[in-house]
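Q: I need the structure of the sequence given here:
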Amino acid sequence: MTYRRLISKVTMQQDLLTSMADEILRNATRPTTTGRRRKGKLSGKSKSPFIDDSQGVHVFADGACEPNPGPGGWAYIVIVDGQEAHSASGAAPATTNNRMELAAVLAALEWISENAAGRPVALYSDSQYVVSGCNEWRHGWKRKSWKRGAAPVLNADLWQAIDTALVDRPQALTWCKGHSGVRGNVRADKLAGEALSALKRADRRAA
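A: Prediction:
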């Protein structure tokens, strides 16, 4: 999986961002993806008690890190008209929870750009840091050259890649409460945890 589509503008700045994004995933395990609708993978009725995903395209992104900082996993899931249509996940050996939340959204934005052109999409994250950053804060950070005072914005590499993706295809993010029974969030959380567990098992075998 590559993020070059999100950050492929022919300027020196964009080339630098491409290099950053590639480096992020070079340290991650190979993402697992599914392209088929997977009936039965989601629990509950098509209408969530909190979010009605029975119609339209709904994308849920989530990240995990244990301990934090430490190894982490990310995942997103796509629900189309109430059925799971696609998912992807990956992991990184040394990261933070916020970086995994951002990586999940960045990967989800890539899928939306490539597969949902012209269609309205609802994109959810249970991280208020990510949702507020995408919808509000990034604009001010960008005007100030990705700095807060004299210091660089934390996770600036990921924020710049996400900003490029959102400029290319505007997309609002919606916050959903984690671990509250929202089935898309539950599923994304499970996949992120599985990616993290797989990375830890691989590290134990290699030790």
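
Q: distance from the longest strand anywhere in the chain to the middle of the chain?
A: Longest strand of the chain, by residue count under DSSP state E: strand 83-95. Counting by C-alpha atoms, centre = their mean, to the nearest Å, strand 83-95 is centred 8 Å from the centre of its parent chain.

Q: pull out the buried residues from stretch 152-172.
A: For stretch 152-172, burial by neighbour count (16 or more other C-beta atoms under 10 Å) applies to 153, 155-166, 171. Where C-beta positions appear, they are placed from N, C-alpha and C, glycine not excepted.

Q: of the residues you listed, closest to Val59?
A: Val59 lies nearest to Gln171 out of the buried residues of stretch 152-172, by C-beta to C-beta, at 9.2 Å.

Q: that closest one in helix, strand or coil?
A: Secondary structure, DSSP: H, G, I helix; E, B strand; the rest coil: Gln171 is coil.

Q: report how many residues lie close to the residue nearest to it when sequence neighbours are not counted.
A: Among residues not flanking Gln171 along the chain, Leu123 sits closest, at 5.7 Å (C-beta to C-beta, 6 or more residues apart in numbering). Residues near Leu123, counting by other C-beta atoms under 10 Å, number 22.

Q: begin at 35 from here
A: That works, and once the first residue is 35, the last one we named lands at Leu157.

Q: for the following helix or strand past the longest strand of the chain, output the C-alpha coordinates as PDB.
A: Following strand 117-129 in sequence order, the next helix or strand is helix 131-149 (DSSP states H and E). Extracted as PDB, the C-alpha positions of helix 131-149 are listed here (Å, rounded to 0.1, in the frame of the first residue of the first chain):
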ATOM      1  CA  ASN A 131      -1.400   6.100  19.600                       C
ATOM      2  CA  ASN A 132      -2.000   9.500  17.900                       C
ATOM      3  CA  ARG A 133       0.200   8.500  14.900                       C
ATOM      4  CA  MET A 134      -1.700   5.300  14.500                       C
ATOM      5  CA  GLU A 135      -5.000   7.200  14.600                       C
ATOM      6  CA  LEU A 136      -3.600   9.600  11.900                       C
ATOM      7  CA  ALA A 137      -2.300   6.700   9.800                       C
ATOM      8  CA  ALA A 138      -5.700   5.100   9.800                       C
ATOM      9  CA  VAL A 139      -7.400   8.300   8.600                       C
ATOM     10  CA  LEU A 140      -4.700   8.800   6.000                       C
ATOM     11  CA  ALA A 141      -5.200   5.300   4.600                       C
ATOM     12  CA  ALA A 142      -9.000   5.800   4.700                       C
ATOM     13  CA  LEU A 143      -8.700   9.100   2.700                       C
ATOM     14  CA  GLU A 144      -6.600   7.300   0.100                       C
ATOM     15  CA  TRP A 145      -9.400   4.700  -0.300                       C
ATOM     16  CA  ILE A 146     -12.100   7.300  -0.500                       C
ATOM     17  CA  SER A 147     -10.100   9.300  -3.200                       C
ATOM     18  CA  GLU A 148      -9.600   6.200  -5.300                       C
ATOM     19  CA  ASN A 149     -13.000   4.500  -4.800                       C
END
